[in-house]
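*Asks:* Model the following, please.
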Amino acid sequence: MMELTIFQQKISALFPNIDLRFNELMEKHTSFRIGGPAEVMAFPQSSSQLAQLLHVSTLLDITPAILGAGTNILAPDEGLPGLTVC
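*Replies:* Okay, here's the model as predicted:
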């Protein structure tokens with residue numbers, strides 16, 4: 001198992017009830033099937049979980065990438081640093 005970065009550890013501690021995946025390949029979530037790993041990918045299951053993610057992101061001065069359905073997205077092969085919300 002790969003060791004988590006400080007950022008990944010912090011996000012994991014802040015959001016224990018949200019489905020988080022670390023170094024998740026973007027190609028699994030885009031219609032073009034391209035893209036490297038997202039450092040942290042969050043899958044909120046409710047509007048309150050999404051609101052919590054966005055609120056804490058603002059407090060931590062993090063600008064999350066919002067994926068949506070993943071259609072017509074060209075994710076870089078280098079991956080995405082920080083937080084990606086799907």
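*Asks:* which residues sit against the longest helix seen in the chain?
*Replies:* Looking across the chain with DSSP state H, the single longest helix is helix 47-59. Helix 47-59 has contacts (CB atoms under 8 Å, 6 or more residues apart in numbering) with L14, F15, N17, I18, A42, P44, T63, P64, L83, V85. C-betas here are computed from N, CA, C, even on glycine.
*Asks:* Assign the fifth one to helix, strand or coil.
*Replies:* Going back to what we said before, that points to A42. Following DSSP: H, G, I helix; E, B strand; the rest coil, A42 is assigned to strand.
*Asks:* One more: the third one?
*Replies:* Classification of N17 into helix, strand or coil gives coil, according to three-state DSSP.
*Asks:* Let me see the ranges of the strands in this protein.
*Replies:* 19-25, 37-43, 65-66, 80-85 (DSSP state E).
*Asks:* re earlier: so the longest helix of the chain versus strand 37-43, what angle?
*Replies:* In terms of direction (axes from the mean of the first three to the mean of the last three CA atoms, to 10 degrees), helix 47-59 departs from strand 37-43 by 130 degrees.
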